[in-house]
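Q: fold the following and give me the result.
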Amino acid sequence: MTQSALVVDFGNYQTAAALVAEDQIQAIACPPVHPDSPLDERYLHAVITEAGRHAQARIDRLTLTIPTAIGRDEFRRAAVVALAAGAGFPDAELISDAVAAVTDPFTRPDLPDDSLVLVCDLGVSWSATLLRMAPEQPVQLAEETASESLTRAGLDILTDSALRWLIASCRAIVARAGASPGEIAAVVLVGGASRFPAAASALRAELGRPVLQPIDPEFAVIRGAVQWARQTAGRKLIAVPPSWRVEPLQWAVPERARLLRWLVAEGQSYPAGACVAQVRTPDDRVYDLTAGREGIMLEHRVFAGRYVNSDNALAMARSAMLISGDRPTKRLAMKVSGDWMLTPDRQYLVE
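A: Numbering: from 1, shown residues only. Prediction:
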């Protein structure tokens, strides 16, 4: 069955959203954003309602972009997750603007794992972020965000002071990460203001590193978030079933993951491949824990919100198929004469 995902990129003055189902991507018209509260539950409900009207079907998953400033702030991330849960999506996934920008198919360079990339997002709020490329997704190492939003249009936003802040911020976050500008593989430049040549020229001249600019840079974040959401199928963990009649359910879960929720209740049966639970990683990816074979859920051993690891038996289950293949139990009769007594330690029978 095809799952549909809604991807929402919140902005201070404009929100972009897209509905993703397999190879089809449909842009969603979003209501105007109120500058004082661009991200709240009521507004998110409005976007979800509009997307549902276009989809004419249930939306299965939700992906939200978050500003680079809260990319590593667990408390602020938790607040966004709670907001999504209030809108009916407790399994919503979060991706930072910078990570989404380098995931954009029109942006991401062919760089090896462990290489360092600077992302300069010149939208309404300017930010600079240092990422380390990794197989699953880039890791955010350090970031700087401008203290004030740059709201004036045109060349006014590209003043010398703004460009000096950008260059100084890039140097500062590289130094905080214990690296040097020479170790930066590339600088990715996105956001509406990146269209002006002065920004790319200043970065190239001051840092001496290649500058990459995608087409339509103001849409790089939403495109990258859509690409990331389409990789949900790769975040499924299948249980390795032992050959026991009553068996523990274990998965090779990512480090420091928390159990998000159980989707199969105790006493409920499930088919092979069913998603029985979900876990959330510290960077707010959500993994589906799927069943290696059919079974009946006997007991939940871990409650939602608890940390889990690969050594944990998260639940106990039994396979009706295995039980049905058992041979009938043999009943043995022993003929005796006289009386029998059980010893006090209950270990022996004596005649």
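
Q: I'd say G88 and I48 touch.
A: Yes - contact criterion Cβ atoms under 8 Å: G88 and I48 qualify, at 7.4 Å. Every C-beta, even on glycine, is put in place using the N, C-alpha and C of the backbone.

Q: these two - which one has more neighbours?
A: For G88 and I48, the more surrounded residue by other Cβ atoms under 10 Å is I48, and the numbers stand at 20 against 12.

Q: against F196, how distant is that one?
A: Distance from I48 to F196, counting by Cβ to Cβ, to the nearest Å: 35 Å.

Q: ok, A51 next?
A: Using Cβ to Cβ, A51 is found at 33 Å from F196.

Q: these two: who's more crowded?
A: Using other Cβ under 10 Å, the more surrounded residue of A51 and F196 is A51, with 23 against 14.

Q: helices or strands next to the longest helix along the chain in the packing?
A: Secondary structure of the chain per DSSP state H: the longest helix is helix 160-176. In terms of contacts (3 or more Cβ pairs under 8 Å, 6 or more residues apart in numbering; DSSP states H and E), helix 160-176 is packed against strand 116-122, strand 126-132, strand 139-145, helix 197-207.

Q: at 7 Å what do you get?
A: Counting contacts by 3 or more Cβ pairs under 7 Å, 6 or more residues apart in numbering; DSSP states H and E, helix 160-176 is packed against strand 126-132, strand 139-145, helix 197-207.

Q: L260: which of these is closest?
A: With Cβ to Cβ as the criterion, L260 lies closest to strand 139-145 of the helices and strands packed on helix 160-176, at 21.5 Å.

Q: what residues of that closest one count as buried?
A: Using 16 or more other Cβ atoms under 10 Å as the test for burial, strand 139-145 gives 140-145.

Q: pull the CA atoms of that strand into CSV?
A: Output of strand 139-145 as CSV, limited to C-alpha atoms (Å, rounded to 0.1, in the frame of the first residue of the first chain):
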residue,chain,number,x,y,z
VAL,A,139,25.7,15.6,11.1
GLN,A,140,25.3,19.2,12.3
LEU,A,141,28.5,20.3,14.1
ALA,A,142,28.2,24.1,14.7
GLU,A,143,26.0,26.9,13.6
GLU,A,144,25.5,30.7,13.8
THR,A,145,22.3,32.7,13.2
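
Q: strands paired with it, and their directions?
A: Paired neighbours of strand 139-145 in the sheet (DSSP bridges): strand 126-132 (antiparallel).

Q: let me know which of the helices and strands packed on helix 160-176 is tucked in deepest.
A: Comparing these by mean neighbour count (mean count of other Cβ atoms under 10 Å), strand 126-132 comes out on top with a mean of 24.

Q: how far out from the middle of the chain is that strand?
A: Its chain's C-alpha centre and that of strand 126-132 lie 19 Å apart, by Cα atoms, centre = their mean, to the nearest Å.

Q: now that strand against helix 160-176, angle please.
A: Using axes from the mean of the first three to the mean of the last three Cα atoms, to 10 degrees, the direction of strand 126-132 lies 20 degrees away from that of helix 160-176.

Q: which residues touch strand 126-132?
A: By Cβ atoms under 7 Å, 6 or more residues apart in numbering, the residues outside strand 126-132 that reach it are 68-69, 98-99, 102, 114, 116-121, 138-146, 150, 166, 169-170, 173-174, 177.

Q: for the record, mean pLDDT for that strand?
A: Strand 126-132 shows a mean pLDDT of 91.

Q: what's the answer for stretch 341-351, then?
A: Per-residue pLDDT values across stretch 341-351 average out to 69.

Q: for the stretch 201-350 of the chain, which segments count as strands?
A: Assigned by DSSP state E, counting those that start in this stretch, the stretch 201-350 of the chain shows strands spanning 211-212, 236-238, 246-249, 257-262, 269-270, 275-280, 286-290, 295-300, 307-308, 315-318, 341-342, 349-350.

Q: dump those strands into TSV; add distance to S201 as well.
A: Conversion of these to TSV gives the following (distance: least, Cβ to Cβ, whole Å):
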stretch	distance to S201
strand 211-212	9
strand 236-238	45
strand 246-249	57
strand 257-262	44
strand 269-270	59
strand 275-280	42
strand 286-290	41
strand 295-300	59
strand 307-308	48
strand 315-318	58
strand 341-342	93
strand 349-350	94
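
Q: need these in JSON lines with distance to A205 and mean neighbour count, can you?
A: Shown next, in JSON lines, are these (distance: least, Cβ to Cβ, whole Å; neighbours: other Cβ atoms under 10 Å):
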{"stretch": "strand 211-212", "distance to A205": "10", "mean neighbour count": "20"}
{"stretch": "strand 236-238", "distance to A205": "46", "mean neighbour count": "16"}
{"stretch": "strand 246-249", "distance to A205": "57", "mean neighbour count": "18"}
{"stretch": "strand 257-262", "distance to A205": "44", "mean neighbour count": "19"}
{"stretch": "strand 269-270", "distance to A205": "60", "mean neighbour count": "16"}
{"stretch": "strand 275-280", "distance to A205": "43", "mean neighbour count": "22"}
{"stretch": "strand 286-290", "distance to A205": "42", "mean neighbour count": "22"}
{"stretch": "strand 295-300", "distance to A205": "59", "mean neighbour count": "19"}
{"stretch": "strand 307-308", "distance to A205": "47", "mean neighbour count": "17"}
{"stretch": "strand 315-318", "distance to A205": "58", "mean neighbour count": "20"}
{"stretch": "strand 341-342", "distance to A205": "93", "mean neighbour count": "10"}
{"stretch": "strand 349-350", "distance to A205": "93", "mean neighbour count": "9"}
